[in-house]
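**Student:** Give the three-dimensional model of this entry:
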Amino acid sequence: MTFDQLETPVPLVDLDVMARNLDAMQAYATSHALSLRPHTKTHKSVFVGGEQMRRGAAGLTCATPHEATVMQQVTDDVLVAYPVIGHAKLERLFLLRDDVALRVQLDSAHAIDELAAAAVRHDRAVAVTVEFDAGMHRVGVPSLDDAIALARHVRANPPLEFSGIAFYPGHIREPVTSQDAALERLRHKVVEAVEAFTQAGLPPQVVSGGSTPTMWRSHEITGVTEIRPGTYVYNDRTTAEIGVCRWADCAFTVLATVVSTSVPGQAVIDAGAKALGREPIRGATGEGWGALVDRPEVTVSRMSEEHGILDLSGSDWRPQVGEQVRVVPNHVCIVTHLNDVIFGVRGGEVVTSWPVDARGRGYGQLIGV
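**Tutor:** Predicted structure coming up:
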């Protein structure tokens with residue numbers, strides 16, 4: 001199948017680039033004796049998760065119980081790195097097969113109590129990592145004393161098992177060349193946390209952290225045993241702009257068609273907010289909602305739901321109506337979730353496809369649709 005046989009807008013993944021990204025990340029983790037537990041929020045795909053496991057990943061990280069129940073098809077070790085709150089989510093979580101090692105990341109006594117009650121109902125052990133705030137100020141316990149108290153609370157509630165501590169350095173989004181000071185502050189916080197837990201008689205077996213913006217420097221954070229990057233599998237305009245990857249490492253693009261050139265200095269494509277998402281670049285200079293993979297100076301400057309406006313002011317290229325373009329989105333994780341199917345390509349041909357298996361909330365599984 002050639003590109004012109006696809007109904008646009010449609011997501012494409014360059015299979016060779018994706019394979020190179022997967023290989024590079026696994027090689028890095030292995031060379032630094034770090035367990036790689038990739039976050040599946042980026043691809044939500046059994047196929048891609050399987051490729052990560054085949055290369056040596058220790059397990060997979062998920063954001064939702066639905067993702068976890070999907071990813072058990074390719075791994076027997078799942079971490080839900082998100083507080084699982086509420087009866088419905090907990091019941092979904094315990095649908096995982098009994099032979100799947102179940103891990104959950106928590107930051108409150110309430111979450112521990114709910115999880116412990118569910119674990120007792122289902123007679124199932126759950127490994128718990130306590131999350132502390134390393135600077136993101138989103139989730140995670142700000143006080144190490146409070147984090148230690150939570151770990152003790154886990155130990156007091158079998159069949160829960162305290163396995164270690166976790167953090168997310170999502171606040172570090174500076175260009176790679178400007179991360180030194182932030183990484184040193186992070187290193188200090190992690191060392192302090194490990195020492196505090198150890199002195200409290202709770203030495204953490206697992207110290208789980210990592211993100212795509214900091215992934216190549218994870219080994220500099222003393223004490224880290226496991227990393228959970230997600231975006232690296234596809235990369236996007238943001239990761240390229242801050243220097244985490246090269247532009248050539250962006251495997252994911254949205255194929256779109258030029259539908260109008262009526263207004264001078266611009267072209268309209270059929271990929272708007274419902275195809276590209278609406279998230280600005282974070283941590284880097286740059287405007288717009290995406291850029292063309294072969295002409296990065298041409299950006300999607302404005303969007304409606306189904307319209308994307310290409311700004312041609314910085315280029316001498318003038319497309320024709322009907323011409324196809326490939327857009328690298330600002331944030332690929334959001335765009336993946338907008339699609340049912342991903343098409344794998346080599347050169348100018350579509351050679352395979354795979355479903356976005358964990359898209360949505362999975363209610364179809366529950367009601368038999």
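
**Student:** List of residues touching the longest strand seen in the chain?
**Tutor:** Secondary structure of the chain per DSSP state E: the longest strand is strand 252-260. With contacts defined as CB atoms under 8 Å, 6 or more residues apart in numbering, strand 252-260 is touched by 3, 6, 8-14, 234-236, 267-271, 275-276, 290, 293, 308, 310, 319-329, 332, 335-336. For every residue, glycine as well, the C-beta is placed using N, CA and C.

**Student:** Could you rerun that using 7 Å?
**Tutor:** 3, 6, 8-13, 234, 236, 267-271, 275-276, 293, 308, 319-329, 332, 335 (CB atoms under 7 Å, 6 or more residues apart in numbering).

**Student:** Mind checking the pLDDT average for it?
**Tutor:** On average, the pLDDT along strand 252-260 is 98.

**Student:** What are the buried residues along that strand?
**Tutor:** Phe252, Thr253, Val254, Leu255, Ala256, Thr257, Val258, Val259 (16 or more other CB atoms under 10 Å).

**Student:** same question for stretch 171-181, mean pLDDT?
**Tutor:** pLDDT averaged over stretch 171-181 gives 94.

**Student:** and the end-to-end length of it?
**Tutor:** 13 Å (CA to CA, to the nearest Å).

**Student:** One more: stretch 288-299?
**Tutor:** For stretch 288-299, the end-to-end distance is 6 Å (CA to CA).

**Student:** Contacts for that stretch next, please.
**Tutor:** Under CB under 7 Å, 6+ apart, the answer for stretch 288-299 is 237, 247, 250, 253, 276, 278, 287, 300-301, 303, 310-312, 314-315, 317, 325-330.

**Student:** residues of it that come out buried?
**Tutor:** Gly288, Trp289, Gly290, Ala291, Leu292, Val293, Arg295, Pro296, Val298, Thr299.

**Student:** bridging residues for the fifth one?
**Tutor:** It stands for Leu292. Applying DSSP bridges to Leu292 yields these beta-bridge partners: Val327.

**Student:** gap between it and Ala248?
**Tutor:** Distance of Leu292 to Ala248, computed by CB to CB, to the nearest Å: 14 Å.

**Student:** Same question for the fourth one.
**Tutor:** Computed with CB to CB, the distance linking Ala291 and Ala248 is 14 Å.

**Student:** what touches both of the two?
**Tutor:** In contact with both Ala291 and Ala248: no residue, using CB under 7 Å, 6+ apart.

**Student:** Excluding chain neighbours, what is closest to the spatially most central residue of the chain?
**Tutor:** Among the residues of the chain, the one closest to the centroid is Gly230, at 3.3 Å (CA atoms, centre = their mean). Of all residues not flanking Gly230 in the chain, His39 sits nearest, at 3.2 Å (CB to CB, 6 or more residues apart in numbering).

**Student:** Select the longest helix from this structure.
**Tutor:** As assigned by DSSP state H, the longest helix anywhere in the chain is helix 180-199.

**Student:** Centre of the chain to it, how far?
**Tutor:** 24 Å (CA atoms, centre = their mean, to the nearest Å).

**Student:** Residues in contact with it: which ones?
**Tutor:** 132, 134-135, 144, 148, 151, 165, 167, 169, 172, 174, 203-204, 207, 214, 217, 220-224.

**Student:** gap between stretch 130-145 and the chain center?
**Tutor:** With CA atoms, centre = their mean, you get 20 Å for stretch 130-145.

**Student:** domain assignment for this structure?
**Tutor:** 3-9+238-355, 38-227 (automatic domain parsing).

**Student:** Ok, which of these comes nearest Thr30?
**Tutor:** domain 38-227 (6.5 Å; CB to CB).

**Student:** Ends of the closest one, what's the gap?
**Tutor:** One end of domain 38-227 sits 7 Å from the other (CA to CA).

**Student:** Quick check: PyMOL command selecting the buried ones in the contacts of helix 180-199.
**Tutor:** Selecting only the buried entries of these in PyMOL, with 16+ other CB under 10 Å as the criterion:
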select buried, resi 132+134+135+144+148+151+165+167+169+172+174+204+207+214+217+221+223+224
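
**Student:** The contacts of helix 180-199 in strands, which ones?
**Tutor:** Going by DSSP E, the strands hold Ile165, Val207 from these.

**Student:** Take the contacts of helix 180-199 and keep only those in helices.
**Tutor:** Cross-referencing the contacts of helix 180-199 against helices under DSSP H gives Leu144, Ile148, Ala151.

**Student:** ok, those vs Gln73, which is closest?
**Tutor:** Of those, the one sitting nearest to Gln73 (CB to CB) turns out to be Ala151, at 31.7 Å.

**Student:** tell me the contacts of that closest one?
**Tutor:** Val130, Phe162, Phe197, Leu202.

**Student:** The residue nearest to Phe167 when sequence neighbours are not counted and Gly170: what is the separation?
**Tutor:** In space, Phe167 comes closest to Ala134 once its chain neighbours are excluded; the distance is 3.9 Å by CB to CB, 6+ apart. Going from Ala134 to Gly170 by CB to CB gives 9 Å.

**Student:** likewise Ala240?
**Tutor:** 18 Å.

**Student:** Between these two, point out the one with more neighbours.
**Tutor:** Ala240 (21 against 16; other CB atoms under 10 Å).

**Student:** Please save the CA atoms from whatever helix or strand the more buried one lives in in CSV.
**Tutor:** In this structure, Ala240 sits in helix 237-241 according to DSSP states H and E. Output of helix 237-241 as CSV, limited to C-alpha atoms (Å, rounded to 0.1, in the frame of the first residue of the first chain):
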residue,chain,number,x,y,z
ARG,A,237,9.0,17.7,18.1
THR,A,238,9.6,18.5,21.8
THR,A,239,12.2,15.8,22.4
ALA,A,240,14.0,16.8,19.2
GLU,A,241,13.9,20.5,20.1
